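> Compute the structure for the input listed below.
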Amino acid sequence: PTPSQSVDYVAPELNFTTPVVSIYEHGTMLLTLVGADYRSISHDGITWVNESPDILTLDANRSRVTAKQVGVGYLTATKDGYTTRMTIHVVPSEDNIGMSTIGILMRPGNTATTELYVYSDTRFYGKDYTVEWSVDHPELLTLEEYTSSKGNPAVRFTTLQCGDAVITCRVTLPDGSYTEEYCCVAIRPKE
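As a prediction, this is how the structure comes out:
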């Protein structure tokens, strides 16, 4: 498909830079919000809601969240009448994998990459795992799998039109158990 500006696209006025993430149990992460121009928004005046207090601990004063236990948790942030929601997948430490890019701003027609990291302290390291890449909105970007110069599974993605997409990398062991990591791609019009 030919990349387009998506003239009818309207960027959200409030969004997390990584609206879908995976963190390990007891891990902490900083929360960052952006506006329609994808510039960071001051956290003054934000109303935070921790929808999953059994899974997440929210420190609104420091804009941080800590994973208490394994599960899927949700946070919402509201400012100036706009609300955004974040999905946090909390995984056991031994299931923690990484990617070289977990959040990126791009223009239509651009290409970027993300590479999978399987850490030596995980149960996947040195095992016969398979890797599957997918995107929740294939109309927004295409995926091309390859092997990085370091020998790691990777994917090259090219943006087609404006919108927000999430690339999922699933690592699966022969017994069917798996873990996932996410790369959030915000595609905005050229200025």
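> Which of the helices or strands spans the nearest residue to Asp164 once chain neighbours are set aside?
With Cβ to Cβ, 6 or more residues apart in numbering as the criterion, Asp164 has its nearest non-adjacent residue at 5.5 Å, and that residue is Ala186. Placement of C-beta: from N, CA and C, glycine included. Using DSSP states H and E, the element containing Ala186 is strand 178-187.
> Need the CA coordinates for that strand. CSV is fine.
Presented in CSV, the C-alpha positions along strand 178-187 are these (Å, rounded to 0.1, in the frame of the first residue of the first chain):
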residue,chain,number,x,y,z
TYR,A,178,4.9,-18.1,26.3
THR,A,179,5.7,-14.5,27.2
GLU,A,180,5.1,-11.3,25.3
GLU,A,181,6.7,-7.9,24.8
TYR,A,182,5.2,-4.9,23.0
CYS,A,183,6.3,-2.0,20.8
CYS,A,184,3.9,0.9,20.6
VAL,A,185,4.1,2.9,17.3
ALA,A,186,2.4,6.4,17.1
ILE,A,187,2.1,7.4,13.5
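> mind listing what Thr28 touches?
Shown in contact with Thr28 (Cβ atoms under 8 Å, 6 or more residues apart in numbering): 64-67.
> Mind listing the residues bridging to it?
When bridges are taken as DSSP bridges, the partners of Thr28 come out as Thr66.
> And it, how far from Ala67?
Taking Cβ to Cβ, to the nearest Å as the criterion, Thr28 is separated from Ala67 by 8 Å.
> about what we covered before: quick one: list the elements packing against the strand holding Ala186.
In terms of contacts (3 or more Cβ pairs under 8 Å, 6 or more residues apart in numbering; DSSP states H and E), strand 178-187 is packed against strand 20-24, strand 82-91, strand 97-99, strand 103-106, strand 111-118, strand 153-159, strand 163-172.
> Sheet partners, orientation included, of that strand?
Short version: by DSSP bridges, strand 178-187 pairs with strand 103-106 (parallel), strand 163-172 (antiparallel).
> Now do it against strand 111-118, angle only.
For strand 178-187 against strand 111-118, the angle by axes from the mean of the first three to the mean of the last three Cα atoms, to 10 degrees is 160 degrees.
> So which bits of strand 178-187 are buried?
179-187 (16 or more other Cβ atoms under 10 Å).
> Same question for stretch 167-179.
If you call a residue buried by 16+ other Cβ under 10 Å, then stretch 167-179 has these buried ones: 167, 169, 171, 179.
> Same check on stretch 54-66?
Of the residues in stretch 54-66, 55-56, 58, 60, 63, 65 count as buried by neighbour count, 16+ other Cβ under 10 Å.
> who's in contact with that stretch?
When contacts are taken as Cβ under 8 Å, 6+ apart, the neighbours of stretch 54-66 outside the stretch itself are 26-32, 43, 46, 48, 50, 67-73, 75, 88, 90.
> Start and end of stretch 104-116, how far apart?
Separation of the first and last residues of stretch 104-116 by Cα to Cα, to the nearest Å is 16 Å.
> For Trp133, find the nearest of the helices and strands packed on strand 178-187.
Relative to Trp133, the nearest member of those by Cβ to Cβ is strand 153-159, separated by 4.7 Å.
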